[in-house]
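Enquirer: Attaching a predicted model along with its sequence, questions to come.
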Amino acid sequence: MHSSLIKTIILLCVSGYASAHELTPTYPELETTFVKGVLSTKVKMWNARADVEYYKIEVTNAFWNDVPFITEERIFKLGYMQRREIEVFLPEDTTAQYICTRSMLEKGSESRSIISSKVCSKIK
Amino acid sequence: MLKIVVPMAASILATEFVQAQTEIIGNVDSKCIIVSETPGVYGNPNPYQLTTAPTSGGVQPIIRFDVLAADYYKAVIEHPVSFSSSPTLDDVVTWTGDVEVSEVSDTDMSTYDSDKVEYDNAHEYQMTVAGSTWFKISSVADYGYNKSFPAGQYTAVVEAECIPL
């Protein structure tokens, strides 16, 4: 168990060399804001995919249906090896369960990447 | 003499008491990272077929999932069922594909393939062991009834998702 964890930590440390997409925390919590009836939460994204520089934020309920939310930019540019803190605002009666970031692949991109990654956090 | 010894002793004891209280706190958060290790390439062994099979000139895409804690995530990988970009096609494309575990960092992951759930073109794996898992995707597109694909560039997308449980 410990050796497995150490291997994983080492892999996580060197994984930036490859092409990775990460979203933390796994379970963000909703907090009240100064605006009545509005909740917010923050997630952090890390882009280590050299072939992707645009990501899309998706907020869905438990059945993967989109729910209303507000954020600074739904599609945003994030350079290679850059991090971004994403704040999401939701109504008090929201049914939101998942906050996800999905890689946006450019049509006709020379890289011809055929892997689209999507990492989600689950609201507690 | 006691006036000096008593405060000194108290001081030493107090210091030791403080040292005994010093703690090192560490947190291991759950985390999932999707790593695109090898982008795929379609080979064109027959005019009517595009395939990622290495024996046909293709390259199978490989995706690595790193999870830092067990039982926090599931991985969902979907092999392509359409082109994201291609020349205009006027006939039906028949898609087949598969996802399989190609490498693991922990032998306890050896049951992932037998335990996976398949629906449509999706392959769902419960990440029950912390560590890294490599998934290999195969994809084949057949055009019409042995009809030649028009010349041009074809791109299809493999979807890799990491979803908290």
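Expert: Nice, thanks for sending it over.
Enquirer: contacts and neighbour counts: CA atoms only from here.
Expert: Will do.
Enquirer: Excluding covalently adjacent residues, which one is nearest to B:W95?
Expert: If the residues on either side of it in the chain are set aside, B:W95 comes closest to B:A141, at 4.7 Å by C-alpha to C-alpha, 6 or more residues apart in numbering or on different chains.
Enquirer: my read: the one you found touches B:L50, true?
Expert: Yes. In terms of C-alpha atoms under 8 Å, B:A141 counts as a neighbour of B:L50; the distance is 5.2 Å.
Enquirer: What does the pLDDT read for the residue nearest to B:W95?
Expert: pLDDT recorded at B:A141 is 95.
Enquirer: what does B:G152 give?
Expert: The predicted structure scores B:G152 at 89 on the pLDDT scale.
Enquirer: tell me the contacts of it?
Expert: With contacts defined as C-alpha atoms under 8 Å, 6 or more residues apart in numbering or on different chains, the neighbours of B:G152 are B:86-87.
Enquirer: Distance check, it against A:V43.
Expert: Summarising the geometry, the distance separating B:G152 from A:V43, computed by C-alpha to C-alpha, to the nearest Å, is 40 Å.
Enquirer: again with B:V59
Expert: With distances defined as C-alpha to C-alpha, the gap from B:V59 to A:V43 amounts to 35 Å.
Enquirer: can you tell me which helix or strand the residue nearest to B:W95 belongs to?
Expert: Here B:A141 is covered by strand B:131-143, with elements defined by DSSP states H and E.
Enquirer: For that strand, which strands pair with it and how are they oriented?
Expert: According to DSSP bridges, the neighbouring strands of strand B:131-143, each with its direction, are strand B:49-51 (antiparallel), strand B:62-67 (antiparallel), strand B:93-104 (antiparallel).
Enquirer: Downstream of the last one, the next helix or strand is which one?
Expert: Read in the C-terminal direction, the helix or strand following strand B:93-104 is helix B:112-115, with elements assigned using DSSP H and E.
Enquirer: Identify the residues contacting that next one?
Expert: Residues outside helix B:112-115 that contact it (C-alpha under 8 Å, 6+ apart): B:100-101, B:125-126.
Enquirer: Excluding covalently adjacent residues, which one is nearest to the residue most central in space within chain A?
Expert: For chain A, the residue nearest the mean C-alpha position is A:T101 (3.6 Å; C-alpha atoms, centre = their mean). If you skip the residues right next to it in sequence, A:T101 has A:I57 as its closest partner in space, 4.6 Å away by C-alpha to C-alpha, 6+ apart.
Enquirer: circling back: tell me the gap between the strand holding B:A141 and the middle of its chain.
Expert: In this view, strand B:131-143 has its centroid 11 Å away from the chain centroid, taken as C-alpha atoms, centre = their mean, to the nearest Å.
Enquirer: Pull out the buried residues from it.
Expert: By neighbour count, and taking 16 or more other C-alpha atoms under 10 Å in any protein chain shown as the criterion, the buried residues in strand B:131-143 are B:131-143.
Enquirer: Kindly report the same for stretch B:94-110.
Expert: Neighbour-count burial for stretch B:94-110, counted by 16+ other C-alpha under 10 Å, picks out B:95, B:97-101, B:103-106, B:109.
Enquirer: any chance of those in TSV, with pLDDT too?
Expert: Listed next are those as TSV, based on pLDDT from 0 to 100:
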residue	pLDDT
B:W95	96
B:G97	96
B:D98	96
B:V99	96
B:E100	96
B:V101	97
B:E103	95
B:V104	95
B:S105	94
B:D106	94
B:M109	94
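Enquirer: ranges for the helices of chain B?
Expert: B:2-21, B:112-115 (DSSP state H).
Enquirer: among those, which gets the worst mean confidence?
Expert: Taking the average pLDDT of each of the helices of chain B, the minimum falls on helix B:2-21, with a mean of 56.
Enquirer: What's the separation between the residue nearest to A:T101 and A:V88?
Expert: Counting by C-alpha to C-alpha, the separation of A:I57 from A:V88 is 9 Å.
Enquirer: can you check B:F83 too?
Expert: When B:F83 is compared with A:V88 (using C-alpha to C-alpha), they lie 32 Å apart.
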